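J.: I would like the atomic coordinates for the input below:
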Amino acid sequence: MPEQRGFTLIELLVTITVLAILLGVGVPGLRDFVLNNRQVSAVNEMVASLQYARTEAISRNRNVSLCPSSNGTSCSGSEWAVGWIVFGDQDGDGSVDAGDTVLRRVEALNRIDFVSDGGITNAVVYRRNGRSTATGNFTMCDVRGSSHGKVVVMDLSGRPRVQKLSGSCP
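T.: The predicted model follows:
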């Protein structure tokens, strides 16, 4: 009798069952992994931009500001999820004027609700001594809601800190 190759029906059904169980367990974990990484990346990008602006204000001995920007060259409203820019702000008014230099641009955040509150509306201005002119919070939420929300807290010292969201998503 010649040697037969291939799978029996029982072997194929067992393999498909094991694969279905592994996918059922692994896919929800993968979704949370992707969402966590996306949110951590957004939080880190904001903290890094704030720290960069503060450092540049001290080292350049002039005002440096952050503001929401959809085009990467000028400030645009108070919607931070469209992206933002860090720029040398000669007059410290929180808007890009003639002679101001854009130092860093951050693109729009995908699938992250990003809202500012408190004294942070249109811009964060760092003075020459590294202190901020605004206090408030940047709240970041995704499709999982407030249980996974993060808050970047700004105080007058200019140092941002991150904490879990204790309230609800805006």
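J.: the one residue sitting closest to the centre of the chain: helix or strand, and which one exactly?
T.: Closest to where the C-alpha atoms of the chain average out (CA atoms, centre = their mean) is Ala42, at 1.7 Å. Element membership for Ala42, per DSSP states H and E: helix 9-60.
J.: by contact count, what packs against that helix?
T.: Where contact means 3 or more CB pairs under 8 Å, 6 or more residues apart in numbering; DSSP states H and E, helix 9-60 is packed against strand 64-68, strand 84-88, strand 101-106, strand 124-126, strand 136-141, strand 150-154. To be clear about C-beta, it is placed using only N, CA and C from the backbone, and glycine gets the same treatment.
J.: make TSV out of those and add mean neighbour count.
T.: Converted to TSV, those look like this (neighbours: other CB atoms under 10 Å):
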stretch	mean neighbour count
strand 64-68	26
strand 84-88	26
strand 101-106	16
strand 124-126	26
strand 136-141	22
strand 150-154	20
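J.: look at the residue nearest to the centre of the chain and report its pLDDT.
T.: The model reports Ala42 with a pLDDT of 88.
J.: try the one 4 residues further on
T.: Predicted confidence (pLDDT) for Met46: 92.
J.: who's in contact with the nearest residue to Phe87 once chain neighbours are set aside?
T.: Among residues not flanking Phe87 along the chain, Val102 sits closest, at 4.6 Å (CB to CB, 6 or more residues apart in numbering). Shown in contact with Val102 (CB atoms under 8 Å, 6 or more residues apart in numbering): Gly72, Thr73, Ile85, Val86, Phe87, Val96.
J.: closest one of the residues you listed to Ile58?
T.: Checking the contacts of Val102 against Ile58 by CB to CB gives Val86 as the nearest, at 13.6 Å.
J.: which residues does the closest one bridge with?
T.: Per DSSP bridges, residues listed as beta-bridge partners of Val86: Leu66, Arg104.
J.: which ones are touching it?
T.: Counted by CB under 8 Å, 6+ apart, Val86 has contacts Ser49, Tyr52, Ala53, Glu56, Val64, Ser65, Leu66, Val102, Leu103, Arg104, Arg105.
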